[in-house]
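Colleague: have a look; sequence and predicted model below, questions after that.
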Amino acid sequence: MLPQKQAEEAIVSNSSDGADHEVKELGAEENKEDENSSFFNVKNFLWHGGSVWDAWFSCASNQVAQVLLTLPYSFSQLGLLSGILLQLLYGIVGSWTAYLISVLYVEYRSRKERENVNFKNHVIQWFEVLDGLLGPYWKALGLAFNCTFLLFGSVIQLIACASNIYYINDNLDKRTWTYIFGACCATTVFIPSFHNYRIWSFLGLGMTTYTAWYLTIAAAVHGQVEGVTHSAPQKMVLYFTGATNILYTFGGHAVTVEIMHAMWKPKKFKYIYLYATLYVFTLTIPSASMVYWAFGDELLNHSNAFSLLPKNAWRDAAVILMLIHQFITFGFACTPLYFVWEKVIGMHDTRSICWRALARLPVVIPIWFLAIIFPFFGPINSAVGALLVSFTVYIIPSMAHMLTYRTASARQGLMGIPTDRERMGAANVQRTFIALIWKCYEKN
């Protein structure tokens, strides 16, 4: 096995359009025709993304969406200190497992390219990495958890769209709005891959940034309601329900491999997820803390933070921006499902966008149907967090990495293996977080 550094350098694009050699290093997947002459071309600027910044925007935008509106509700179940500590714990550990996924992707791809496998018209996915490194049983495990998680993640986005627009226009019931937004979100079938989400990722993160700071400032200006109380945590069930919703916040790992594959230099992905998570902390912690400070236990009966804030132009703008962002997040969640379905029916290497869009429609229809059936997204967030995110984000990537590098020969030359001292330090940090969280619960 090549050392990690050599493996990364061995991954070279199969593009045949004569793009710059430096861009080809480590698997530039998409054609970059006439790159020098079209650098300032509007189409390339908006459509063709593959840089480190594109990946960062994609990761950050995908991490925080409608869950931004339910985090205050989670704080009312957990309490302020537990809510902040759990965000830090899940975010940091999730960044570590995203790093493990990136290492496994590089290992898998280096092996395949040494076998002269061509990925020019093929997007590598997580279940394929597991299959190539650990065998068909792991492939089935990864496919089952990832597809189920992404399916319900897409459903949640549609439900959240209908729930949010209702605060602006209640002339139609939420189910009717779900029909409308389902039709709108179905247009994501025309977006070929994550390579083409450049402008959408940028706009999506800007929209959630506005919404997060709107929640923070609006709650501060509103002040505490009369007789406000902060009695959380009250019950063990509520405590862990809130914890699973926060777990869902940092559960974007189901699209990590696809985002990496869309990069011109995937080896630079290693710490992107961590940097994205640190930025997300600046959105989620202040907004959830301030809304909980203002409304306290009243949030237990309002899972959507918009419902407690006064109706004005600022709130309407936040609602509209979140609707647009949920359309983008729907695309993020559905695109890997599109890829899986294309591979099943043999359409994945088709060059025509129209034919691929037509082939993808059977994926959207059941999602649309499920969104109409389920009326509320808050409880679904918690259920998905409890049943799927824990495996998708933490358990499966960690076990896969340990099994792949379980022998000394497999670890030879692998960069980034923590020393005993570093492992002990990480374990101490985890124990400290868990102890603090438990003390917070016992105190109440």
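Modeller: Perfect, I can see it now.

Colleague: going forward, measure contacts between C-alpha atoms and count neighbours the same way
Modeller: Noted.

Colleague: show me the shaky parts of the stretch 251-400 of the chain.
Modeller: By pLDDT under 70, the weakly predicted segments of the stretch 251-400 of the chain are 375-382, 385.

Colleague: which residues of it fall in helices?
Modeller: For the stretch 251-400 of the chain, the helices defined by DSSP state H, counting those that start in this stretch cover 256-261, 272-295, 313-345, 353-373, 378-384, 396-404.

Colleague: relative to residue 70, which of those helices is closest?
Modeller: With C-alpha to C-alpha as the criterion, residue 70 lies closest to helix 378-384 of the helices of the stretch 251-400 of the chain, at 6.6 Å.

Colleague: next up, the contacts around the residue positioned nearest the centre of the chain.
Modeller: In the chain, the C-alpha nearest the mean C-alpha coordinate belongs to residue 252, at 2.4 Å (C-alpha atoms, centre = their mean). Contact analysis of residue 252 by C-alpha atoms under 8 Å, 6 or more residues apart in numbering lists 59, 62-63, 393.

Colleague: please apply the same query to residue 203.
Modeller: Contacts of residue 203 by C-alpha under 8 Å, 6+ apart are residue 325.

Colleague: and it, that's in a strand?
Modeller: No. Using DSSP: H, G, I helix; E, B strand; the rest coil, the assignment for residue 203 is helix, not a strand.

Colleague: give me the pLDDT for it.
Modeller: Looking at residue 203, its pLDDT reads 91.

Colleague: again, but for residue 182
Modeller: Listed pLDDT for residue 182 reads 87.

Colleague: now do the helix or strand that contains it and helix 353-373, the angle between them.
Modeller: For residue 182, the host element (DSSP states H and E) is helix 174-185. Relative orientation of helix 174-185 versus helix 353-373 (axes from the mean of the first three to the mean of the last three C-alpha atoms, to 10 degrees): 170 degrees.

Colleague: follow-up on the earlier one: dump the contacts of residue 252 to JSON lines, plus neighbour count and secondary structure.
Modeller: Converted to JSON lines, these look like this (neighbours: other C-alpha atoms under 10 Å; DSSP: H, G, I helix; E, B strand; the rest coil):
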{"residue": "59", "neighbour count": "26", "secondary structure": "helix"}
{"residue": "62", "neighbour count": "27", "secondary structure": "helix"}
{"residue": "63", "neighbour count": "24", "secondary structure": "helix"}
{"residue": "393", "neighbour count": "27", "secondary structure": "helix"}
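
Colleague: closest to residue 84 out of the residues you listed?
Modeller: residue 63 (16.5 Å).

Colleague: rewinding a little: any idea how far the residue nearest to the centre of the chain lies from residue 199?
Modeller: Per C-alpha to C-alpha, to the nearest Å, residue 252 is found 19 Å from residue 199.

Colleague: residue 318 now?
Modeller: As judged by C-alpha to C-alpha, residue 318 and residue 199 stand 19 Å apart.

Colleague: what about residue 118, neighbour count?
Modeller: Using other C-alpha atoms under 10 Å, residue 118 has 12 neighbouring residues.

Colleague: dihedrals phi and psi, it?
Modeller: Backbone dihedrals for residue 118, given as degrees, to the nearest 10, come out at phi -100, psi 120.

Colleague: ok, the one 4 residues further on next?
Modeller: Phi and psi for residue 122, reported as degrees, to the nearest 10, are phi -130, psi 130.

Colleague: isn't it up against residue 348?
Modeller: Yes. At 7.0 Å, residue 122 counts as touching residue 348 under the criterion of C-alpha atoms under 8 Å.

Colleague: among these two, which residue is more densely surrounded?
Modeller: Neighbours per residue (other C-alpha under 10 Å) separate residue 122 from residue 348, with residue 348 holding more: 18 against 14.

Colleague: tell me which residues touch the closest residue to that one other than its chain neighbours, please.
Modeller: Nearest non-adjacent residue to residue 348, counting by C-alpha to C-alpha, 6 or more residues apart in numbering: residue 342, 4.6 Å away. Residue 342 sits next to 348, 356, 359-360 when contact means C-alpha under 8 Å, 6+ apart.

Colleague: same thing but 10 Å
Modeller: 336, 348-350, 356-357, 359-360, 363 (C-alpha atoms under 10 Å, 6 or more residues apart in numbering).

Colleague: what does residue 83 give?
Modeller: Contacts of residue 83 (C-alpha under 10 Å, 6+ apart): 71-72, 74-77, 239, 242-243, 246, 285, 288-289, 437, 440.

Colleague: again, but for residue 289
Modeller: 71-72, 75-76, 79-81, 83-84, 215-216, 219, 296.

Colleague: got the end-to-end distance for stretch 116-125?
Modeller: For stretch 116-125, the first-to-last residue distance is 18 Å (C-alpha to C-alpha).

Colleague: buried residues in it?
Modeller: 119-120, 123-125 (16 or more other C-alpha atoms under 10 Å).

Colleague: quick one: average pLDDT of that stretch?
Modeller: Mean per-residue pLDDT for stretch 116-125: 86.

Colleague: just how off-centre is it within its chain?
Modeller: Distance of stretch 116-125 from its chain centroid, counting by C-alpha atoms, centre = their mean, to the nearest Å, is 23 Å.

Colleague: kindly report the same for stretch 186-194.
Modeller: That offset, for stretch 186-194, works out to 17 Å (C-alpha atoms, centre = their mean).

Colleague: filter the contacts of residue 289 down to the buried ones.
Modeller: Restricting these to buried positions leaves 71-72, 75-76, 79-80, 83-84, 215-216, 219, 296, with burial counted as 16+ other C-alpha under 10 Å.

Colleague: which of those residues sits closest to residue 167?
Modeller: Within the buried ones among the contacts of residue 289, distances to residue 167 taken as C-alpha to C-alpha reach their minimum at residue 215, with 14.9 Å.

Colleague: my read is that closest one is in a helix, agree?
Modeller: Yes. If the criterion is three-state DSSP, then residue 215 is within a helix.

Colleague: so what's it scoring on pLDDT?
Modeller: Per-residue confidence (pLDDT) for residue 215: 95.

Colleague: check contacts around residue 240.
Modeller: Contacts here follow C-alpha under 10 Å, 6+ apart; on that basis residue 240 touches 74, 77-78, 233, 246, 382, 386.

Colleague: tell me what angle the helix holding residue 182 forms with helix 313-345.
Modeller: 60 degrees.

Colleague: what is the burial count for residue 370?
Modeller: 17.

Colleague: how far away is the residue lying closest to it once chain neighbours are set aside from residue 251?
Modeller: Computed as C-alpha to C-alpha, 6+ apart, the closest residue to residue 370 that is not its neighbour in sequence is residue 155, at 6.5 Å. Taking C-alpha to C-alpha as the measure, residue 155 falls 15 Å from residue 251.

Colleague: that concludes my questions; thank you for your assistance.
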